[in-house]
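1. Model the structure of this input:
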Amino acid sequence: MAELSVLVLIAVGLAVLVIAIHGRVDPPRILRFANRHGLDLTPERAASVERYLRLIRRRRSWGILLGGVIPLIWLLPEQRFAVLTVPVLAGWLLGAASAELAAGTATGTEAEVTVPAWLRRTPAAIAALALISTVLAVSSGLGDAGDIVAWGVGALVTCVFVTATVQHVMRRSPLADTARAVDLAARAHAVAAVTAVGLVLAMLCLLHQVDQVRAELEGQQSHWAGVVSFGLAVGMLFLTAALWSESAPGRRPRLVPFIAIVLVTASVAAVGFGVWQDRPPYGPEAVHPVATVRVTDMDRFEADAAALGVSELGPHGNWTVLGRLDLAVPRQPTRGRYQLIVIDRRYNRVVPQLYGRDGGGWGGEGLRNAWKRYPWLSALTPTQAGASGTRYPEGMAVSIKPVETSTGFVGRLPSREEAGVRPSDLLVALLFTGPQGQLYWAVQVPVTAA
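-> Numbers count the residues shown, from 1 in each chain. So this is what the prediction gives:
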């Protein structure tokens with residue numbers, strides 16, 4: 001049903017574009033153009049405006065049509081039906097540039113068009129923002145660096161394309177059989193429109209960078225990064241509307257710098273607030289974890305468990321890793337949890353079966369990216385499993401409340417790896433995760449062989 005709705009919307013959109021390509025420009029549209037640029041309409045000027053508006057509408061509509069249809073054809077083998085915003089806007093820009101190329105050839109002199117200086121500097125400002133955003137996103141180590149760079153390059157290419165198109169508009173020959181006032185108004189109109197749409201396209205590329213980074217954030221940082229992404233998307237629309245409005249002749253830029261400053265300030269404040277909220281309530285030095293480990297068998301399990309002071313646990317297989325974790329309770333215990341895992345150093349592999357008094361399980365989202373922050377947790381590194389996607393290592397963790405001072409754990413190695421294992425071969429790791437699964441810190445626990 002959803003696919004049918006998408007197909008209906010696509011069909012309606014195509015019909016509207018076909019009408020726009022072949023239809024005439026109505027008088028209200030001509031009047032709005034004249035009012036924006038302060039033109040006194042005469043029949044001759046109205047005819048010139050209609051010809052220009054029909055040209056740009058036809059070329060831009062063709063661009064939108066190609067930008068929507070080509071990706072749709074590309075997605076058909078995957079049985080996906082979607083109209084992608086980025087190629088549609090790119091198609092619009094290509095159509096707008098082709099309209100200006102058709103309007104006149106380039107000359108060596110620049111026309112005396114009343115275009116605000118700040119408007120012509122807008123692509124350069126966005127390009128600088130794209131460079132800063134790309135460097136920060138890549139240096140964060142989050143997301144796919146290739147995708148982040150690709151979106152950054154997309155934003156830069158958009159800014160270069162907009163600048164080149166504006167240069168052509170300013171230097172092209174006058175419109176044929178058109179009064180000078182109408183020609184100058186057409187140039188100013190094109191510069192404002194191309195710059196506004198280019199701003200939207202470049203900002204969409206940068207929002208894709210934000211999404212790349214946000215996908216690997218955790219806790220409050222992920223939440224506030226989502227708020228920033230949404231806020232930037234909404235703010236971008238207001239910024240574009242303000243840019244279009246204040247680029248009209250005789251207008252001063254008031255809202256544009258105000259909205260830009262608000263977006264940057266609010267984004268930095270939101271991200272900083274998320275980082276502040278995700279700060280660890282205390283470090284591992286406040287817990288002082290120590291583990292005592294024995295490698296035992298079924299015959300000796302009860303005696304070894306009694307010697308360690310561990311109860312409510314049973315043996316798992318012929319050879320069992322039996323341990324006890326002792327830790328201090330901080331003065332202000334948090335709502336988070338400790339996650340205990342054991343790694344076999346010989347194979348750099350997480351012990352697949354590990355249980356505490358309340359059983360065991362996967363340690364939550366905080367463990368997924370722990371290997372990126374702590375190289376010694378490389379046993380948690382996922383692998384690519386072909387078309388099935390990312391595969392995370394098989395392993396279990398014991399969840400521990402921060403108010404517990406001691407807990408027992410029992411683990412079992414694969415039968416082919418259990419022979420000859422010693423306590424010194426095992427790495428015991430304690431990871432502290434927050435209430436939303438975010439990883440606060442991880443530490444290697446000193447192991448004593450008892």
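
2. burial of Leu136, as a residue count?
-> Counted with other Cβ atoms under 10 Å, residues neighbouring Leu136 total 12. In short, each C-beta sits where N, CA and C put it, glycine included.

3. Just the element for it, please.
-> Using DSSP states H and E, Leu136 sits in helix 117-139.

4. for that helix, which positions count as buried?
-> By neighbour count with 16 or more other Cβ atoms under 10 Å, helix 117-139 contains the buried residues 119-120, 122-123, 126-127, 129-130, 133-134, 137-138.

5. Packing partners of that helix?
-> Helix 117-139 sits against helix 145-171, helix 180-214, with contacts defined as 3 or more Cβ pairs under 8 Å, 6 or more residues apart in numbering; DSSP states H and E.

6. Centre of the chain to that helix, how far?
-> The chain centroid and the centroid of helix 117-139 are separated by 17 Å, computed with Cα atoms, centre = their mean, to the nearest Å.

7. In this structure, what helix or strand scores lowest on average pLDDT?
-> Lowest on mean pLDDT, DSSP states H and E among the helices and strands of the chain sits helix 2-22, with a mean of 60.

8. Beyond it, next helix or strand please.
-> Proceeding N to C from helix 2-22, the next assigned helix or strand is helix 27-37, under DSSP H and E.

9. Hey, what's the angle from that following helix to helix 180-214? Just curious.
-> Counting by axes from the mean of the first three to the mean of the last three Cα atoms, to 10 degrees, helix 27-37 lies at 90 degrees to helix 180-214.

10. where along this protein do the helices fall?
-> 2-22, 27-37, 43-75, 85-103, 117-139, 145-171, 180-214, 219-246, 255-277, 301-308, 370-373 (DSSP state H).

11. Using JSON lines, lay out those together with distance to Thr320.
-> Formatted as JSON lines, those follow (distance: least, Cβ to Cβ, whole Å):
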{"stretch": "helix 2-22", "distance to Thr320": "52"}
{"stretch": "helix 27-37", "distance to Thr320": "81"}
{"stretch": "helix 43-75", "distance to Thr320": "53"}
{"stretch": "helix 85-103", "distance to Thr320": "56"}
{"stretch": "helix 117-139", "distance to Thr320": "45"}
{"stretch": "helix 145-171", "distance to Thr320": "43"}
{"stretch": "helix 180-214", "distance to Thr320": "42"}
{"stretch": "helix 219-246", "distance to Thr320": "35"}
{"stretch": "helix 255-277", "distance to Thr320": "41"}
{"stretch": "helix 301-308", "distance to Thr320": "6"}
{"stretch": "helix 370-373", "distance to Thr320": "26"}
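
12. Of those helices, which is nearest Gln444?
-> helix 370-373 (12.4 Å; Cβ to Cβ).

13. which helices and strands does that closest one pack with?
-> Looks like helix 370-373 contacts strand 439-445 (3+ Cβ pairs under 8 Å, 6+ apart).

14. my guess is Leu431 contacts Ala370, does it?
-> Yes: contact status for Leu431 versus Ala370: in contact at 6.3 Å, counting by Cβ atoms under 8 Å.

15. Overlap in contacts, these two.
-> 439, 442 (Cβ atoms under 8 Å, 6 or more residues apart in numbering).

16. Mind checking the helices of the chain for the one nearest to Glu110?
-> Glu110 sits nearest to helix 145-171 of all those, at 4.8 Å, using Cβ to Cβ.

17. Now do that closest one against helix 85-103, angle only.
-> Helix 145-171 runs at 20 degrees relative to helix 85-103, counting by the same axes, to 10 degrees.

18. Show me which residues of stretch 275-295 are buried.
-> Applying 16+ other Cβ under 10 Å to stretch 275-295 flags 278, 282, 284, 287, 289, 291-295 as buried.

19. How about stretch 217-226?
-> 217-226.

20. residues contacting the closest residue to Ser48 other than its chain neighbours?
-> Distances taken as Cβ to Cβ, 6 or more residues apart in numbering place Thr178 nearest to Ser48, at 4.3 Å, with adjacent residues excluded. Listed by Cβ under 8 Å, 6+ apart, the contact partners of Thr178 are 48, 51-52, 186.
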